[in-house]
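Colleague: coordinates for the following, if possible.
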Amino acid sequence: MIKKYAILLFFATSLSLYFSCTDQDDDDYSPITPVAVDLTLVPYEKLSDYHFFSGALSNQTPSKDVIPYEPNSSLFTDYSHKKRFVWIPKGAKATYNGDNAVLELPVGSAIIKTFYYDHVQPSNSTKIIETRIMIRKETGWIFADYVWNDSQTEAYLDLNGSIKNISWKDENNTIRTIDYRIPNEAQCIVCHKTKQTVNGVYSQKNIPIGIKPQNLNRMYTYGSQTINQLTKWMDLGILENTFNLPTPANTTVNYNDASQPLEKRVRSYFDINCAHCHTQNGHCDYRPMLLSFSETNNNLTNMGVCVNTQDMQDFSSDLSKIVTPRRIDRSMLFYRMNTVDETYRMPIHGRTVIHTEGIALVEAWINSLQDCR
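Modeller: You can find the predicted model right below:
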């Protein structure tokens with residue numbers, strides 16, 4: 001009898017210890033991110049190799065610690081939609097360099113941007129075209145562009161550039177067709193490079209474009225929580241909490257928001273669409289236009305107003321000014337934004353069609369200006 005009770009006591013104690021340990025493990029358990037960014041192996045051959053997304057790849061559901069974000073204004077890319085994400089390694093933080101400067105992301109970070117269209121014909125479905133990734137290595141940022149297959153199950157590394165014919169139904173139920181251009185690596189460099197010359201030695205490096213505090217200073221909904229994006233990044237521990245949020249004056253706006261001041265909308269449009277080249281140390285810094293948001297504050301000259309066109313080429317003398325107040329027909333800037341001729345169009349990469357809404361915004365701004373003196 002004593003032996004029987006001893007055996008029962010042993011099993012009862014074992015079960016108690018098991019459930020006690022199980023409860024403790026459940027309380028302490030923290031999911032581990034599946035993301036894999038091995039800097040010795042990237043860029044991988046397939047988008048799925050990074051494990052940035054959980055479930056079906058085309059659903060673009062971010063894995064743990066992959067954070068979605070959205071800037072105040074979006075780069076125009078032939079009316080494609082975008083989904084944006086950032087990945088920062090555990091324990092590392094981005095640092096602040098100024099409201100108008102790109103956040104300094106730590107080594108091992110990745111910025112992910114997917115381009116897609118809704119209501120693609122003939123199936124009237126969503127179709128993803130490409131996913132661009134920038135990865136921060138010890139030596140700097142590298143590019144990796146992944147082109148999606150027709151079945152939308154995978155995307156494959158391709159830095160050679162290509163063209164995809166797309167027909168889709170727009171917001172007005174009009175069928176539109178374009179030859180969407182996926183950039184090659186050299187075209188990526190044109191927009192993302194920053195130059196410097198030290199002691200007569202020229203060098204350049206690649207940098208991201210959109211992740212500036214002035215662009216990220218906005219509310220975003222994460223599941224059931226709506227919070228400022230920069231504050232969220234600080235709360236998550238991926239951004240240092242050593243600076244104040246940008247003031248409204250130092251924050252870009254959605255250029256489609258008609259409730260915002262016209263000039264601020266135009267400055268925001270120029271910043272996201274043009275300033276990566278037309279800024280100090282950018283690809284087109286030799287031109288007399290500096291179009292980043294901070295460089296156009298109370299500075300119409302930097303926006304080309306009443307400034308002489310430098311290179312007339314074979315243009316009409318009517319276009320001798322970059323911007324002529326109240327005369328879009330005498331404004332070189334407007335002319336180059338309003339053409340699809342590859343020789344003259346601006347931006348030089350990223351679009352093949354005219355951005356009708358952007359053109360209307362710039363026209364309204366030009367028509368609001370005072371005459372040159």
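Colleague: strands of the stretch 151-300 of the chain, residue ranges please.
Modeller: 155-157, 160-169, 175-184, 193-198, 201-206, 219-222, 225-228 (DSSP state E, counting those that start in this stretch).
Colleague: okay, those in TSV with mean neighbour count, mean pLDDT and distance to Y335 next?
Modeller: (C-beta placed from N, C-alpha, C; glycine too.) Shown next, in TSV, are the strands of the stretch 151-300 of the chain (neighbours: other CB atoms under 10 Å; pLDDT from 0 to 100; distance: least, CB to CB, whole Å):
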stretch	mean neighbour count	mean pLDDT	distance to Y335
strand 155-157	17	98	37
strand 160-169	14	96	26
strand 175-184	16	95	22
strand 193-198	12	81	26
strand 201-206	11	86	30
strand 219-222	13	97	37
strand 225-228	12	97	39
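Colleague: indicate which one of those strands is closest to N256.
Modeller: Proximity to N256, assessed across the strands of the stretch 151-300 of the chain by CB to CB, is greatest for strand 219-222 (16.4 Å).
Colleague: which elements pack onto the closest one?
Modeller: strand 66-69, strand 225-228, helix 229-236 (3 or more CB pairs under 8 Å, 6 or more residues apart in numbering; DSSP states H and E).
Colleague: returning to what we had before: okay, the strands of the stretch 151-300 of the chain in a markdown table with distance to V66 next?
Modeller: Supplementary listing: the strands of the stretch 151-300 of the chain in a markdown table, determined by distance: least, CB to CB, whole Å:
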| stretch | distance to V66 |
| --- | --- |
| strand 155-157 | 16 |
| strand 160-169 | 26 |
| strand 175-184 | 23 |
| strand 193-198 | 26 |
| strand 201-206 | 22 |
| strand 219-222 | 12 |
| strand 225-228 | 16 |
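Colleague: number of nearby residues for the closest residue to F293 other than its chain neighbours?
Modeller: Excluding its sequence neighbours, the residue lying closest to F293 (CB to CB, 6 or more residues apart in numbering) is D271, at 4.1 Å. The criterion is other CB atoms under 10 Å. On that basis, D271 has 29 neighbouring residues.
Colleague: ok so, going back, out of the helices and strands packed on strand 219-222, which comes closest to R218?
Modeller: Proximity to R218 (CB to CB) singles out helix 229-236 among the helices and strands packed on strand 219-222, at 6.1 Å.
Colleague: so for that closest one, what gets flagged as buried?
Modeller: Q229, L230, K232, W233, M234 (16 or more other CB atoms under 10 Å).
Colleague: before we move on, what about stretch 320-338?
Modeller: 321-325, 328, 330-338.
Colleague: other residues contacting stretch 215-223?
Modeller: For stretch 215-223, contacts defined as CB atoms under 8 Å, 6 or more residues apart in numbering pick out 68-73, 99, 103, 226-230, 232-233, 245-246, 251-252, 271-272.
Colleague: how does it look with 6 Å?
Modeller: Contacts of stretch 215-223 with the rest of the structure, by CB atoms under 6 Å, 6 or more residues apart in numbering, involve P71, N72, T226, N228, Q229, L230, L245, P246, T251, T252.
Colleague: the first one: what's it in contact with?
Modeller: What that stands for is P71. Contacts for P71 (CB under 6 Å, 6+ apart) come out as G210, N215.
Colleague: so how far is R176 from D118?
Modeller: 12 Å (CB to CB, to the nearest Å).
Colleague: actually S203, not the one I typed
Modeller: Look at S203 and R176: by CB to CB, they are 42 Å apart.
Colleague: how about F270?
Modeller: As judged by CB to CB, F270 and R176 stand 25 Å apart.
Colleague: same question for I209.
Modeller: 26 Å.
Colleague: check R287 too.
Modeller: R287 sits 32 Å away from R176, going by CB to CB.
Colleague: do the same with C306
Modeller: C306 sits 36 Å away from R176 when distances are taken as CB to CB.
Colleague: also P261?
Modeller: 31 Å.
Colleague: in the chain, what secondary structure element scores lowest on mean pLDDT?
Modeller: The weakest-scoring helix or strand in the chain, judged by mean pLDDT, DSSP states H and E, is helix 2-28 (a mean of 46).
Colleague: just after it, pick out the following helix or strand.
Modeller: As assigned by DSSP states H and E, the chain's next helix or strand after helix 2-28 is strand 53-54.
Colleague: give me the contact list for the helix or strand following that next one.
Modeller: Note on strand 53-54: by DSSP H and E, the next helix or strand toward the C-terminus is strand 61-62. Outside strand 61-62, the residues within contact range by CB under 6 Å, 6+ apart are F53, S54, G55, P68, F85.
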